[in-house]
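1. got a sequence here, can you build the structure:
(one chain, ligands or ions: 1)
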Amino acid sequence: MPQNIKKTEAIMTAAPVIPVLIVEDPAKAVPMAEALVRGGLPVIEITLRTERALEAIKLVADNVEGAIPGAGTVMTAAQYEKAISAGSQFIVSPGATPTLLDIADAFADVPLLPGAATASEVMYLLERGYERLKFFPAEQAGGAAYLKSLSSPLAAAKFCPTGGVSLDKAPTYLGLPNVLCVGGSWIADAKAIANEDWAGIEERARAAAALTGR
Ligand SMILES: O=C(O)C(=O)C[C@H](O)[C@H](O)COP(=O)(O)O
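-> Below you'll find the model as predicted:
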């Protein structure tokens, strides 16, 4: 089944930046998400890289008005199902496999943003009807110059570059014709969450929400 491009694009264009989060303690998820929403970043990717990430997603889904929580690092059918039961409104994966795309077909209401880093990976996803993709790992794979060079031959594909993106690097990506938003952990890193630095997270969210392309 092809990707629901309209729905995926709505997630990608709600704000210029998708904060990527590693949440160890679910008790911190609600104030963290509230700070992000106050700062203007409603789309919140909680990675399934911690034991209690699903609890964090559920708490945000149930308690934070205006938040659009999603699950990151989703790679298996079991994770996919659990992420959606917890209230994920979108799913992000670092790459794409035929199995993962088959699972996505079973949950077609919830958009999947699959990762790609090479022309062949993008071509495979286009073949499967996926045009809204994550470019991962963005900086390490070749950065904005590399992604720009995909825009002409693979014009249908539009990306959310993630991996090594910072406040300084984001505007160059956002200025590319094939970029809709960027993702990154700099707004709320593990330390800021552990220290309950909600004011700092809100401030970085506000700066991220104001980013435009250059
Ligand atoms: O696990 C996933 O599915 C991911 O999304 C990986 C993230 O892209 C990176 O963790 C981004 O992190 P930074 O490079 O710190 O901004």
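2. hmm, Ala96 is touching Tyr130, no?
-> Yes: Ala96 lies in contact with Tyr130 (CB atoms under 8 Å); the separation is 7.4 Å. Quick note: C-beta positions are derived from backbone N, CA and C, even for glycine.
3. mutual contacts of those two, please.
-> Pro114 (CB atoms under 8 Å, 6 or more residues apart in numbering).
4. so does stretch 100-109 get close to the ligand?
-> No: using CB under 6 Å from any ligand atom, stretch 100-109 never reaches the ligand; the gap is at least 12.1 Å.
5. repeat for stretch 184-191
-> Yes: against the ligand, stretch 184-191 shows contacts by CB under 6 Å from any ligand atom at 184-185.
6. quick one: mean pLDDT for that stretch?
-> Per-region confidence: stretch 184-191 scores 97 on mean pLDDT.
7. so what's the gap between that stretch and the chain middle?
-> 13 Å (CA atoms, centre = their mean, to the nearest Å).
8. before we move on, what about stretch 130-142?
-> 11 Å.
9. got it, and stretch 191-211?
-> That offset, for stretch 191-211, works out to 17 Å (CA atoms, centre = their mean).
10. same question, stretch 72-83
-> Its chain's C-alpha centre and that of stretch 72-83 lie 14 Å apart, by CA atoms, centre = their mean.
11. thank you, goodbye.
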